[in-house]
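Participant: Have a look; sequence and predicted model below, questions after that.
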Amino acid sequence: MTTAIPEYDITLDEMSVALSYVTMALGDAAVPAAPAKKSPKKKAAAPEPKKEAKKEDDDDDFDVFDDGDDDEADDAPKETRKEMLARLKKEAEVRTAKKEAKQRTLVAIEVKPWDTEQDLMALWKKITTTITPEGLKWAQACNLVDVAFGIKKIVTTFTMGAANSSDDVIEAIEAIEDEVQSVEVISMNVL
């Protein structure tokens, strides 16, 4: 039995319209039965629906993600608060160590030489081969940028771990006093 959907009446609120569409779609199954008249015979039958209501309430407690191991979980010994705190502290230390191991910093520097006739590519090779602390990785190439009066500077980058210090690297480069005038950090970005 199909019935035509009534035209939308602006005077009806949204809830009543939704309710009418549901009742039309479901037919008589959605319409609640009228309350029965009370009679002495039906009073005895009234406790049965209450039992069914209790069963329905038990269904509300149903855990969708339950694996059914409630009995096994109760049999396992519970850890004490002290043990739990020690375990959580150890897990936090492991996570922190992993995070620090992954933390890298990209540092861009410019190295200014003393002389215009200096071989900057040889200087760059010398810097990248002599200054190699653990956790430091130099760029594959460098740029030579004009400063003034024919003097060029080396612009390069390196990545370092959390255990390294950019100040130590800069001091090591400046220790090559015969060839390096100064070193400046252009940028520093945590990756």
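Facilitator: Noted; the coordinates are in hand.

Participant: use CA for all of it now, contacts and neighbours both
Facilitator: OK.

Participant: Quick one: residues contacting Gln103.
Facilitator: 161-162, 190-191 (CA atoms under 8 Å, 6 or more residues apart in numbering).

Participant: try Asp178
Facilitator: Trp114.

Participant: looking at the protein, which helix or strand is least sure?
Facilitator: helix 40-45 (a mean of 48; mean pLDDT, DSSP states H and E).

Participant: Select, from the contacts of Gln103, the two members most distant in space.
Facilitator: Ala162 and Leu191 (11.0 Å; CA to CA).

Participant: Look at those two and report which has more neighbours.
Facilitator: Ala162 (15 against 11; other CA atoms under 10 Å).

Participant: Can you pull out the low-pLDDT segments for this protein?
Facilitator: For the chain, applying pLDDT under 70 flags the ranges 1-2, 6, 8-13, 15, 17, 27-64, 66-76.

Participant: Ala175: neighbour count?
Facilitator: Ala175 has 13 nearby residues by other CA under 10 Å.

Participant: tell me, what's touching Ala162 and Leu191 both at once?
Facilitator: Common neighbours of Ala162 and Leu191 (CA under 8 Å, 6+ apart) are 103-105.

Participant: and the residues you listed as CSV, adding distance to Leu120 and secondary structure?
Facilitator: Listed next are the shared contacts of Ala162 and Leu191 as CSV, based on distance: CA to CA, whole Å; DSSP: H, G, I helix; E, B strand; the rest coil:
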residue, distance to Leu120, secondary structure
Gln103, 31, coil
Arg104, 27, strand
Thr105, 25, strand
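
Participant: from the residues you listed, which single one is nearest Asp115?
Facilitator: Thr105 (31.0 Å).

Participant: Need the contact partners of the top helix by length along the chain.
Facilitator: Taking DSSP state H as the criterion, the chain has its longest helix at helix 81-102. If you take CA under 8 Å, 6+ apart as the criterion, helix 81-102 is touched by 161-162.

Participant: burial count for the nearest residue to Leu120 once chain neighbours are set aside?
Facilitator: Nearest residue to Leu120, sequence neighbours excluded (CA to CA, 6 or more residues apart in numbering): Ile154, at 7.0 Å. When neighbours are counted by other CA under 10 Å, Ile154 registers 20.

Participant: swap in the one 4 residues further on?
Facilitator: Using other CA under 10 Å, Phe158 is surrounded by 18 other residues.

Participant: Fine, thanks again, bye for now.
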